[in-house]
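*Asks:* kindly generate the corresponding structure for this input.
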Amino acid sequence: MKTRIKQMICMVVLASMVCVYALATTNTKAVLKEPQVSPNEMGNFLAGKVSAKKKDSNKAKKSETVYIELGDDGSAKNTTVSDILTVVGKDPVKDVSDLNKIKNLKGSEKYTNKDGKLVWENKGKDITYQGTTQKEPPISVSISYYLDGKSVSAKELKGKSGELQIQYKFKNNARTKGHDFVPFVVLGGFILDDYTFEDVTIDNGKVAEYDESKVVLGYAVPGLGDYLHETFKEAQKYLNKVDMSDGFTISANVKDFTMSMGLIVATSNLGDFNIKDAVDMDGIKSQMNKLQSGADALVDGANQLSSGAKKLGDASTKVKSGSGELTSGLKKLKKGTADNYKGNKKFHKGLKKGLSSAKSGTKKLADGADKLAKGAKDVNAGAQKVKKGASDVNDGTNQVSGGIGQVKNGFDKEGGLNDGANSLKNGAKSANDGVKSLIDMVQGTPTTIDEQISTIMAQVKTASGGQITTEAQLNALIEGINAAVKAGTPLETAVAAQGLNVTTYYSLAQAYYAIQTLNGVKQTLSQQIASHADEITALKNGMQDLEDGSAALNSGIQQAYTGISTINQGATDLSDGTNALKSGTSDLANGTAALQTGANTLNSGIKTLYNGVKVMTVQLGAASPQLVTAASQLKKAMAKAYAGSNKLTKGLVPFCNGIDTLADGTKTLSSGAVKLNEEGIKRITTLFGSKADKALDKVQNLLDAGQSYKSFSGISDDMDGQVKFIYKTPEIGEWE
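*Replies:* The predicted model follows:
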């Protein structure tokens, strides 16, 4: 998608230049048939069309166009330079030039020349002069011809038929002070008639139909690919995807081969643009730093949360084990009290039956008391473990609460995750607005072309004295004169018959061909826009989705922040609960220790009772009903204690399982946060590190190098300037 959008933008930028090239090559046949129109006049027309807008300045300006006639192999044969000096003020104009045979083309201003330093008279009008040179141009051209796969010379091609390839290759030799490379854009235009050429293609350019001919446009940026690969070594994989060719190749099937001249234009004027003014690197870096700070805080908080959850999980295992042992001890104690109760009943019955039954009953009572002492010991041991587990649970809970607090701080603090999400949302909206503006500009270009046609027609109306006001009238006039000339009528006669002179005719003819070409470009561009309508829509929708997605991401982060705040409050409540649990288990441990002491004392007393049963028969007989009642109450109390312990054990199972799940979840959260930071956030923020400024400096240096190449033949330090090179390719066949 990005590559196609770039291609469309390039088409819009080149559209204005296409008009000039097509018009120039269309007029080539007229130039050859009508010697009254010189190549220099046509070159001056092209120079005026191709030149970029001049900047407002108090300095004198020098606009230079270099015309180079090429040989069959692309070597320079003749070089003519046309200069236009824009005069400012009334002082003599100081110029620098190494040209030979300098002559004033339009005015009567004279000059003096001392070692290449020219001083022109100033009559308040721009000065246009011309000269020749033997210097090699900064862009050298190589032309190769292949017929049916074999290399041939241009002369051998005349009248031949077959599969033809013509390769145009360019070498950039331009250098300026302070710059070891000057970027040049090269564009070529050719008119190939349909009789001779079929199935015409070009590898770097475009082919369009025009008046029973093919308009072929090629482009190249010689040397730029190698320079960028050497300058931006860290961006090799991205540069490999960009087409930066040093030439172009025209392919076609031909018969009775002939070929008219073509024109190639080269310029280093890529636009006066300060890239650092357009890119807010400080703002981008600031937002990236905030995003990285928030990500680091998230990682730290997640790690601490995971550590606390692990300790809580370890403590929960100990609590589970201690509660199991407590339940087991209470079970034994319950059984002992039940046995004690049965023994007391038997003892009471034995008293009634006699001393022999009393002896047997007290023996069983002694056995029950022994079991009670052992059960009380087990209960005490379990209670101590519960106390230790509750303490560990309390420590782990406090760490969890602290970790969650740090995670919340990662959201809250300045430059945290909340700030980063808001910056991302705002950046996505700005990018979407920029793309919408770009698409509106592209789709409005056909309307701009209509405005250009209207401007030309206004000039036609003025030039014709109001005689011609519509395109149809202009077309009928020019086509009528051309038909008369083609039938053998002299041009002056045909023009006079329409009430015009030759100069007016050429102005109207230039307007006619310019409008024809602009209409063709408008149609081609409209078709391009229509053919890429789905992709433009997809781009608009994609950018809107990006804006909506960043807004949704920001909303999700806000919801996550609300959840973290709730978890933070819950962790605080959990910490308070575990503190109470710790205090309660400590009291439980103290109680079970007293229970063990009492059970041991009880066991000892029952043994004493057993030994003295013979002498205390009367007393025991009286006390026996009370002992049975007490044993029954003890049995009921132990049953309740066992039931409560069993419920505690069962309740701790899901509690401990929940803690295990929490530990696993926080471990996953910690791992994910680290992965997000290492593989996502840090990679993004690295792109905006120290290398970004250096890369922008290199790009700006490249743009400045193009602007610094102001003249081919020389220029005064007090002047602004710009220069273009127009190459005339050789004619092959009947035009020779």
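
*Asks:* make it CA atoms for all contacts and neighbour counts henceforth
*Replies:* Fine.

*Asks:* name the helix or strand of this structure that has the lowest mean pLDDT.
*Replies:* Within the chain, no helix or strand scores below helix 2-33, which has a mean of 34 by mean pLDDT, DSSP states H and E.

*Asks:* tell me what the longest helix anywhere in the chain is packed against?
*Replies:* Longest helix of the chain, by residue count under DSSP state H: helix 533-611. Taking 3 or more Cα pairs under 8 Å, 6 or more residues apart in numbering; DSSP states H and E as contact, the helices and strands that helix 533-611 lies on are helix 355-412, helix 417-443.

*Asks:* which of the ones you listed has the lowest average pLDDT?
*Replies:* Among those, helix 355-412 carries the lowest mean pLDDT, a mean of 71.

*Asks:* phi and psi next, for A496.
*Replies:* The phi/psi pair for A496 (degrees, to the nearest 10) reads phi -60, psi -30.

*Asks:* oh sorry, the question was meant for T231
*Replies:* phi -80, psi -40.

*Asks:* tell me the pLDDT at it?
*Replies:* 77.

*Asks:* and the gap between it and D98?
*Replies:* Distance of T231 to D98, computed by Cα to Cα, to the nearest Å: 34 Å.

*Asks:* more neighbours, these two?
*Replies:* D98 (18 against 14; other Cα atoms under 10 Å).

*Asks:* wasn't that one part of a helix?
*Replies:* No - judged by DSSP: H, G, I helix; E, B strand; the rest coil, D98 forms no part of a helix; its state is coil.

*Asks:* thought it was touching G116?
*Replies:* Yes - with contacts counted by Cα atoms under 8 Å, D98 reaches G116, the gap being 5.4 Å.

*Asks:* what does the pLDDT read for S586?
*Replies:* So, for S586, pLDDT stands at 75.

*Asks:* for it, what are its contacts?
*Replies:* K387 (Cα atoms under 8 Å, 6 or more residues apart in numbering).

*Asks:* likewise D91?
*Replies:* Applying Cα under 8 Å, 6+ apart, the residues near D91 are N122.

*Asks:* that one: what secondary structure?
*Replies:* coil.

*Asks:* which phi and psi values does it adopt?
*Replies:* The phi/psi pair for D91 (degrees, to the nearest 10) is phi -70, psi 160.

*Asks:* can you tell me how far it is from E212?
*Replies:* Taken as Cα to Cα, the span from D91 to E212 is 53 Å.

*Asks:* kindly report the same for M261.
*Replies:* 17 Å.

*Asks:* these two - which one has more neighbours?
*Replies:* The neighbour comparison of M261 against E212 (other Cα under 10 Å) goes to M261, with 22 against 10.

*Asks:* element containing the more buried one, please.
*Replies:* M261 belongs to no helix or strand when assigned by DSSP states H and E.

*Asks:* same question, the one 4 residues further on
*Replies:* Under DSSP H and E, the secondary-structure element containing V265 is strand 263-267.

*Asks:* tell me the SS of G499?
*Replies:* G499 ends up coil, using three-state DSSP.

*Asks:* let's have the chain start at 459 instead
*Replies:* With the count now opening at 459, the last piece we talked about shows up as G957.

*Asks:* next one, pLDDT for it please.
*Replies:* pLDDT at G957 comes out at 86.

*Asks:* what number of residues are in the vicinity of it?
*Replies:* 10.

*Asks:* okay, it and Y603: tell me how far apart.
*Replies:* G957 is 47 Å from Y603, by Cα to Cα.

*Asks:* with Q1084 instead?
*Replies:* With Cα to Cα as the criterion, Q1084 and Y603 are 130 Å apart.

*Asks:* list the contacts of the strand holding V723.
*Replies:* 479, 482-483, 597, 642-648, 1181-1187.

*Asks:* which ones are touching the closest residue in space to M1001 that isn't next to it in sequence?
*Replies:* Once flanking residues are discounted, M1001 sits nearest to N890: 5.3 Å by Cα to Cα, 6 or more residues apart in numbering. N890 sits next to K998, M1001, Q1002, L1004, E1005 when contact means Cα under 8 Å, 6+ apart.

*Asks:* okay, now the closest residue to the fourth one other than its chain neighbours: neighbour count?
*Replies:* The reference is to L1004. Once flanking residues are discounted, L1004 sits nearest to A886: 6.4 Å by Cα to Cα, 6+ apart. Using other Cα under 10 Å, A886 has 20 neighbouring residues.

*Asks:* pretty sure A886 sits against G1000.
*Replies:* No - here A886 does not reach G1000: they are 11.1 Å apart, not a contact under Cα under 8 Å.

*Asks:* for the helix or strand hosting Y964, packing partners?
*Replies:* Element membership of Y964, judged by DSSP H and E, is helix 960-989. If you count contacts as 3+ Cα pairs under 8 Å, 6+ apart, helix 960-989 packs onto helix 460-491, helix 903-921, helix 929-944, helix 949-955.

*Asks:* if we can go back for a sec, separation between the residue nearest to L1004 and T570?
*Replies:* Per Cα to Cα, A886 is found 62 Å from T570.

*Asks:* also A934?
*Replies:* Taking Cα to Cα, one finds A934 at 50 Å from T570.

*Asks:* contacts only, for E656.
*Replies:* Here E656 is in contact with A710, N711, V712 (criterion: Cα under 8 Å, 6+ apart).

*Asks:* same check, this time on A678
*Replies:* F628, V643, V644, L645, N662, M702, S703, D704, G705, F706.

*Asks:* now with 7 Å, please.
*Replies:* By Cα atoms under 7 Å, 6 or more residues apart in numbering, the contact list for A678 reads V643, V644, L645, M702, S703, D704, G705, F706.
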